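1. sequence unknown, structure follows:
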């Protein structure tokens, strides 16, 4: 008998009918001879309604206390676990619900974005041993002294993966509204195929460059504890994408997928004195303004003066400029700042890159032949990212997908 | 500094605006120099919506599992505690929410109608000592092994009174939509006055005879642990009714109040052999059908044959008859059953009755003078109840209220 942890997101449990559908899928899994722990999110829309209520009692311009926000938001998943367990019971299955606290999920005390510090799975294990299906509230835990906490964005995925690690599950299935991870966004590249297996690192790099299947923290957690998980659709029975540690055979594929990200802007700070601490000052100021910086490119300086470029989301440009102005004047009179939007990022990702040379050349060549100009280039061990004009991103993705033979 | 436990029901916290109003009242209480624990119910309507959802996932003709019903319903109060604490925080007050489980309210495992078995108030006390206002979820607790339970009807009142006992509070205030306990229903007797002080026993007798202010179990709990509580309105600042152990001076008032209950029916079983065990059989059958029996009257038998009468709610008559048929045929051929509705009960209650004779005579005389016929009579140490025609109940209440000088 295998032990499977499943996770169903807010859309999958968004209505009573969908909860019944999820209950049927859980029973199918059990009937195939498995023990099941199903992690569920709040019903779609519930969290937003709770946040709205919080706004109404605190009034404009005031933020609800985070401790209480967690108590409030945790009711969303608690509602779903009870309803799902009831649905299973009504179908004759033995099922019990557990809140994060009841399941022994212990976190630090950082309300609204707590980190899991420990899981004591003895209670969960005992309930499994008694023949129960367990319906576990995602997204939540408790501190050592019993305060209710929530895990922040992607928290239910994290609950599933962390619990899978704690109970040493044979498989973790993340049910979502997509079929799996694709070689590229099928809306852009119709020939894109579902990827049967992908390594943690590849998924992380694809996530960081625009392919949003899961929050990176959950993937990182899975990597750290070696939890294999499958991303698949709750709407059909198609096999999804298995995410796992890398294998030798994975390297035979040079490029696993192509990611793209639109609505980027390039910020260039020119004439920067090439002195230790300069970059720290610049990016410290940007980080302090809570702006996510992505690609950072700096060329080798010959003259003691250099240019630093980076990308941000285009909506953050004004905020970045405001944050940088005071720093720039400190850096010297010759320093100038220029921002340009209408930019997109294109990335190719694959662990096979390590053992195959010439990947970058092949990509640049293909883009060039299609008349697409590359502005910035940045590489990691298993990823190459370029920025191009946003207007050319679809074509660029198609060309790249084609040149690496991803359509199969 | 006094420690006050307050309880606000579902209507008092039914909207964000009302929660803000309750938060203001709590701050007023604190500003008057008190420590405050405020027990809150689920926002009006929430519990019904949750029950509806439960019905939708379990399907027609099936009942949701009670264990899961408790997990579901407990989210109602958890939502309110978070919102109320947030509202207080936004007003600058130091407040924290606690679920029943977090507050150390331990119950037995009888889901949906658990009994409180123990309260460990150390955590609550520590939070009070740190200067916090505590917003406590009513109606809920946990078992020794961590299951979520709810206390059933009137559960939030019970939470307030039990917590008041556990922390040895100086006062417990039950805020509700009535001003307090009245000498009679003011819709029936416009001269009815609010009663400033009433004993536990008097309130219990009034509750059992139609004056619904609180569930009897909460009053019994308060009596057992000597918790004084005040029933008062959340809509104004009028003093309410203080419920407490009886005092000497209370006895100087003969009758504290007049209660009435409409929609009753009288069931008479005639020709019953006067043998040991007969009454047990009859009322065993009625109880097994889950019918609440109230007044039971049996006359002394001279012939070995007696009549037994009792009252039930008129909606329960058919069910009672069905439950009794098999028993009656066992009791003998001469036994007959007759049911009559259109009956109402009128009760006078007062601990002063013990030391004043002639109360019954005075009541019967007054009713007789008003042309009101008495059908059944039943008395306890501090209560006299009669049944009369339902059509005459208003007049009977007015006459009785008048004759005992309750208008003051």
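-> Yep, it's here. In this text the structure is predicted, and so the values were computed from the model without any measurement.
2. What is the least confident helix or strand in chain A?
-> Ranked by mean pLDDT, DSSP states H and E, the weakest helix or strand in chain A is strand A:296-298, scoring a mean of 87.
3. Quick one: list the elements packing against it.
-> strand A:305-313, strand A:376-380 (3 or more Cβ pairs under 8 Å, 6 or more residues apart in numbering or on different chains; DSSP states H and E). Using the backbone N, CA and C atoms, a C-beta is placed for each residue, glycine as well.
4. Adjacent strands (with direction) for that strand?
-> strand A:305-313 (antiparallel) (DSSP bridges).
5. So what touches the partner strand?
-> In this structure, residues lying in contact with strand A:305-313 by Cβ atoms under 8 Å, 6 or more residues apart in numbering or on different chains are A:263-274, A:279, A:282-283, A:286, A:291-300, A:320, A:334, A:343, A:345, A:376, A:387.
6. Now it: buried residues?
-> Judged by neighbour count using 16 or more other Cβ atoms under 10 Å in any protein chain shown, the buried positions of strand A:305-313 are A:306, A:308-313.
7. What of stretch A:53-69?
-> A:53-54, A:56-58, A:64-69.
8. returning to that earlier point: buried subset of the contacts of strand A:305-313 as a ChimeraX selection?
-> Of the contacts of strand A:305-313, the buried ones can be selected in ChimeraX as follows, counting by 16+ other Cβ under 10 Å:
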select /A:264,265,266,267,268,269,271,272,279,282,283,286,291,293,294,295,297,320,343,345,376,387
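9. what inclination does the strand ranked longest in chain A have with respect to strand A:305-313?
-> Counting residues, the longest strand found in chain A (DSSP state E) is strand A:257-273. On the basis of axes from the mean of the first three to the mean of the last three Cα atoms, to 10 degrees, strand A:257-273 is oriented at 140 degrees to strand A:305-313.
10. Kindly reformat the buried residues of stretch A:53-69 as TSV containing pLDDT, secondary structure and distance to chain B.
-> Below are these laid out as TSV (pLDDT from 0 to 100; DSSP: H, G, I helix; E, B strand; the rest coil; distance: Cβ to the nearest Cβ, whole Å):
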residue	pLDDT	secondary structure	distance to chain B
A:53	97	helix	6
A:54	97	helix	6
A:56	97	helix	4
A:57	97	helix	4
A:58	96	helix	4
A:64	96	coil	4
A:65	96	coil	4
A:66	97	helix	10
A:67	97	helix	7
A:68	98	helix	4
A:69	98	helix	7
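11. which two in these are spaced the farthest apart?
-> A:56 and A:67 (18.5 Å; Cβ to Cβ).
12. how about the residues of chain A that lie near chain B?
-> Residues of chain A found near chain B (Cβ under 8 Å from any Cβ of the partner chain) are A:16, A:19-20, A:23, A:50, A:53-54, A:56-59, A:62, A:64-65, A:67-69, A:71-72, A:74-75, A:78-79, A:81-87, A:89-90, A:96-97, A:99, A:102, A:123, A:146-148.
13. Okay, and which of these map to helices?
-> A:16, A:19-20, A:23, A:50, A:53-54, A:56-58, A:67-69, A:71-72, A:74-75, A:78-79, A:81-87, A:89-90, A:123 (DSSP state H).
14. Give me the buried subset of those residues.
-> Applying 16+ other Cβ under 10 Å to these flags A:16, A:19-20, A:23, A:50, A:53-54, A:56-58, A:67-69, A:71-72, A:74-75, A:78-79, A:81-87, A:89-90 as buried.
15. quick one on the thing from earlier: out of the buried residues of stretch A:53-69, who's nearest residue B:324?
-> residue A:53 (50.9 Å).
16. The closest one and residue B:27: what is the separation?
-> With distances taken as Cβ to Cβ, to the nearest Å, residue A:53 is found 20 Å from residue B:27.
17. same question, residue A:324
-> In terms of Cβ to Cβ, residue A:324 sits 44 Å off from residue B:27.
18. Please apply the same query to residue A:24.
-> From residue A:24 to residue B:27 the distance is 50 Å (Cβ to Cβ).
19. the more surrounded of the two?
-> Neighbours per residue (other Cβ atoms under 10 Å in any protein chain shown) separate residue A:24 from residue B:27, with residue B:27 holding more: 18 against 14.
20. Test my guess that that one contacts residue B:88.
-> Yes. Using Cβ atoms under 8 Å, residue B:27 is in contact with residue B:88, at 7.0 Å.
21. Can I take it that residue A:371 is in a helix?
-> No. Remark: residue A:371 does not belong to a helix; assigned using DSSP: H, G, I helix; E, B strand; the rest coil, it is coil.
22. quick one, phi/psi of it?
-> Phi and psi for residue A:371, reported as degrees, to the nearest 10, are phi 80, psi 30.
23. what number of residues lie near it?
-> 9.
24. Tell me how far it lies from residue B:255.
-> For residue A:371, the distance to residue B:255 - Cβ to Cβ - is 100 Å.
25. and if you look at residue A:202?
-> In terms of Cβ to Cβ, residue A:202 sits 84 Å off from residue B:255.
26. Residue A:148 too?
-> Taking Cβ to Cβ, one finds residue A:148 at 50 Å from residue B:255.
27. More neighbours: which of those two?
-> Remark: of residue A:148 and residue B:255, residue A:148 carries more neighbours, 31 against 26, as counted by other Cβ under 10 Å.
28. Dig out what the more buried one forms beta bridges with.
-> residue A:142.
29. That one contacts residue A:69, correct?
-> No. The criterion here is Cβ under 8 Å, and residue A:148 misses it with residue A:69 at 10.0 Å.
30. for the closest residue in space to residue A:182 that isn't next to it in sequence, what are its contacts?
-> The spatially closest residue to residue A:182, leaving aside those adjacent along the chain, is residue A:192, at 4.5 Å (Cβ to Cβ, 6 or more residues apart in numbering or on different chains). By Cβ under 8 Å, 6+ apart, residue A:192 lies in contact with A:182-186, A:401, A:406-407.
31. what does residue A:83 give?
-> So residue A:83 contacts A:13, A:16, A:19, B:53-54, B:57, B:68, B:72 (Cβ under 8 Å, 6+ apart).
32. before we move on, what about residue A:317?
-> A:265, A:267, A:339, A:341.
33. What helix or strand is residue A:346 located in?
-> strand A:336-349 (DSSP states H and E).
34. Also compute the angle for that strand relative to strand A:257-273, please.
-> Using the same axes, to 10 degrees, strand A:336-349 lies at 150 degrees relative to strand A:257-273.
35. and strand A:336-349, what other elements does it pack with?
-> helix A:200-208, strand A:257-273, helix A:317-331, strand A:383-389, helix A:393-403.
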